[in-house]
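Engineer: let's see this in three dimensions:
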Amino acid sequence: MAERLTSTAGGLRSSTSDSSLLRARRWAVGHRDAIFVGVAMSACLVLSVAVYWPGVNGFFAFDDYFFLRAVRNHSFLGGMVRAFTFTRGEPFDEASPFWRPLIDIYFYAFKPFGLHAQPFHAVNIGLHGAVGALAVLLMWRLTKSSIVAAAIGLLFVVAPTYDFAVSWVAQVSELFGYALMLAALLCYTKYLTDRVHRPGYAAATFVLTFFALLTKESTMILAVLLPAVLVAIPAADIHRTRRQLLSSLSAPITMIVAFGVAMELAELLVPQRLNSIGWHMPRNLWRYLEWLVLPYRPGDFLHAREVLAALFLLAGTFSVLQRQRVLGFLFVWTIAALAPFTGFDEWIELRYTYLAALPFVAFVVLGAATLARQAPRSMQMTAFAALAAAFLLALAVTPMRTRDQQSWFALQGQANEQMIDSVRSLCGPLPRDSFVYVVRPPYFDLYGQHTPAAINLYYDHVNAAVVEDVPALAAFITNKCVLQYDYSARRYVRLE
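Structural biologist: Numbers count the residues shown, from 1 in each chain. So this is what the prediction gives:
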């Protein structure tokens, strides 16, 4: 009798276990795409660390010093006032070079870390991976394909296109802003497609847009992307009335327009504007496209770049005319993401392609998948196998190129750190109002503004300058330190 009861209980446990296992399997099958997308999102974070972690020990460079100095000697209240006002920098009291309150707050929050660059680099790496992860989620919602969405996110994370955008501490504005932009687009697509009317998603879209605007001016492209999402989503999947659509769009777009007007009025007060509206903008747009389509060795393959850029424009225009919803949206997104950076009169900077690289990669991946899907049935397997092989090859080769792309910026950081260490060791303690001359250093300082800001992070009120030769009148200065870089020995020597 006891044996029979034991056997019965064991059978019940076995039956219950089998039932739980069956339910788990059914759940996994039913949520297969969601699980795959979750894994791809995690892989974006892992890939970001794998590609960029070697640069985590890099030093500060360029505008980093302005942001660090802007919050250096100010209380919390003073720092917040300066963050939300158009503060102009003064000698020995630099201000942030742009009105980006959330970035000022970010640098203020990192004051306890001192002048160690590693935490800043770690945040950039994490934010870049988060942008890729959010991209996977957004592309899954738009394309309905978890495989296409995963390929887009992973290729974007390892792309060499945006140069040193992830490695530069000050570029946190772009990374943070993009993460907020993608979050806003995700909330808005959820608001549009949810069968139950949930105004909270529209409110979240507005709030995320507001915070995105506080990171960088380029996030104003949400004024184009939010309405464009209506075209990217099939009409049958949109469950909002026309009145709800208008009310959900009017608030964020009105805010973006007001922000744009305020920024333009503030820009008019600047004596020398760095960018302007003119016929140079189409030329710069073309230059950016030539780099986007082939982000390798910018001085080579000129004809190939022209052909590929023209093909992209033709394919994008064709997708819009043929009402290829998602492809048309991605094409518009790419152009809109480049537009804010075409106003520079004489040059373009490759790091400004960060916003455009994502939709461009998505356009190429989705376009290739669409062509493979439309191939004759007998050739589809071969076409998809070729695409899978190309994806794996790109995922293996591209990260190496991306690391190589960071070399120039890494050298700038190392040279900056060497200069500061040399000033501190060779010059020693300096009284207030002393002079430091750095003669022909190996790093890049276009306007000679970064070196004084960098040195004054470690000294109190020291006049510092990068010079080609020591000024003649410097002989009459008592408290001074003159360092010259010895290119043969690769170190600084003190002259005076």
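Engineer: neighbours of residue 220, just the number please.
Structural biologist: 20 (other C-beta atoms under 10 Å). The C-beta positions use only the backbone N, C-alpha and C, and glycine is treated the same way.
Engineer: ok, it touching residue 258?
Structural biologist: No. Counting by C-beta atoms under 8 Å, residue 220 stays clear of residue 258, with 10.7 Å between them.
Engineer: for the residue sitting nearest the centre point of the chain, give me its contacts.
Structural biologist: By C-alpha atoms, centre = their mean, the chain has its centre lying nearest to residue 175, at 3.3 Å. Counting by C-beta atoms under 8 Å, 6 or more residues apart in numbering, residue 175 makes contact with 124, 127, 128, 131, 165, 166, 354.
Engineer: same thing but 6 Å
Structural biologist: 124, 127, 128 (C-beta atoms under 6 Å, 6 or more residues apart in numbering).
Engineer: C-alpha coordinates for the helix or strand hosting residue 485, PDB please?
Structural biologist: Per DSSP states H and E: residue 485 is located in strand 480-486. The C-alpha trace of strand 480-486 is given here as PDB (Å, rounded to 0.1, in the frame of the first residue of the first chain):
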ATOM      1  CA  LYS A 480      56.900  81.800 -16.000                       C
ATOM      2  CA  CYS A 481      57.500  78.300 -17.200                       C
ATOM      3  CA  VAL A 482      58.400  77.500 -20.800                       C
ATOM      4  CA  LEU A 483      58.200  73.900 -22.100                       C
ATOM      5  CA  GLN A 484      59.200  72.800 -25.500                       C
ATOM      6  CA  TYR A 485      58.400  69.400 -27.000                       C
ATOM      7  CA  ASP A 486      61.500  67.500 -28.200                       C
END
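Engineer: partner strands of the helix or strand following that strand and their direction?
Structural biologist: Per DSSP H and E, the first helix or strand lying C-terminal to strand 480-486 is strand 491-494. Each strand paired with strand 491-494, and its direction, by DSSP bridges: strand 480-486 (antiparallel).
Engineer: contacts for the strand it pairs with next, please.
Structural biologist: With C-beta under 6 Å, 6+ apart, strand 480-486 has contacts from 427, 435-442, 470, 492-496.
Engineer: in that strand, which residues are buried?
Structural biologist: Across strand 480-486, burial judged by 16 or more other C-beta atoms under 10 Å covers 480, 481, 482, 483, 484, 485.
Engineer: likewise for stretch 112-125?
Structural biologist: 117, 120, 121, 123, 124, 125.
Engineer: what's the closest of these to residue 51?
Structural biologist: residue 125 (8.5 Å; C-beta to C-beta).
Engineer: now do the closest one against residue 181, distance only.
Structural biologist: Counting by C-beta to C-beta, to the nearest Å, the gap from residue 125 to residue 181 is 19 Å.
Engineer: out of the contacts of strand 480-486, which end up buried?
Structural biologist: Counted by 16+ other C-beta under 10 Å, the contacts of strand 480-486 give 427, 435, 436, 437, 438, 439, 441, 470, 492 as buried.
Engineer: list the contacts of the residue lying closest to residue 155 once chain neighbours are set aside.
Structural biologist: Excluding the flanking residues, the one nearest residue 155 by C-beta to C-beta, 6 or more residues apart in numbering is residue 361, at 5.1 Å. Listed by C-beta under 6 Å, 6+ apart, the contact set of residue 361 reads 152, 155, 156.
Engineer: filter the residues you listed to the buried ones?
Structural biologist: 152, 155, 156.
Engineer: closest to residue 171 out of those?
Structural biologist: Distances from residue 171 to these, taken by C-beta to C-beta, are shortest for residue 156, at 15.6 Å.
Engineer: let me know whether the closest one touches residue 132 as I believe.
Structural biologist: Yes. Here residue 156 reaches residue 132: they are 5.5 Å apart, a contact under C-beta atoms under 6 Å.
Engineer: in what helix or strand does residue 305 lie?
Structural biologist: helix 302-321.
Engineer: no wait, residue 176
Structural biologist: helix 172-193.
Engineer: check which residues of that helix are buried.
Structural biologist: Under 16+ other C-beta under 10 Å, the buried positions of helix 172-193 are 172-192.
Engineer: continuing past it, what's the next helix or strand?
Structural biologist: Taking DSSP H and E, what comes next after helix 172-193 is helix 199-213.
Engineer: would you map the strands across the stretch 51-200 of the chain?
Structural biologist: For the stretch 51-200 of the chain, no strands turn up when DSSP state E, counting those that start in this stretch is the criterion.
Engineer: just the helices in it please.
Structural biologist: 64-70, 76-83, 101-109, 118-143, 146-158, 172-193, 199-213 (DSSP state H, counting those that start in this stretch).
Engineer: tilt between the second one and helix 101-109?
Structural biologist: What separates the directions of helix 76-83 and helix 101-109 is an angle of 150 degrees, with axes from the mean of the first three to the mean of the last three C-alpha atoms, to 10 degrees.
Engineer: which neighbouring elements make contact with helix 76-83?
Structural biologist: Identification of packing neighbours for helix 76-83 by 3 or more C-beta pairs under 6 Å, 6 or more residues apart in numbering; DSSP states H and E yields helix 101-109.
Engineer: how far does the helix it packs on sit from the chain's center?
Structural biologist: How far helix 101-109 lies from its chain's middle: 17 Å, per C-alpha atoms, centre = their mean, to the nearest Å.
Engineer: what is that helix packed up against?
Structural biologist: helix 76-83.
Engineer: which other residues reach the helix it packs on?
Structural biologist: With C-beta under 6 Å, 6+ apart as the test, helix 76-83 has contacts from 71, 101, 104, 105, 108.
Engineer: ok so, going back, possible to save the buried residues of strand 480-486 as JSON lines with pLDDT and distance to residue 380?
Structural biologist: Converted to JSON lines, these look like this (pLDDT from 0 to 100; distance: C-beta to C-beta, whole Å):
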{"residue": "480", "pLDDT": "84", "distance to residue 380": "74"}
{"residue": "481", "pLDDT": "88", "distance to residue 380": "71"}
{"residue": "482", "pLDDT": "90", "distance to residue 380": "71"}
{"residue": "483", "pLDDT": "90", "distance to residue 380": "66"}
{"residue": "484", "pLDDT": "91", "distance to residue 380": "67"}
{"residue": "485", "pLDDT": "92", "distance to residue 380": "61"}
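Engineer: which of the residues you listed lies closest to residue 315?
Structural biologist: Looking across the buried residues of strand 480-486 and measuring by C-beta to C-beta, the closest to residue 315 is residue 485, at 49.5 Å.
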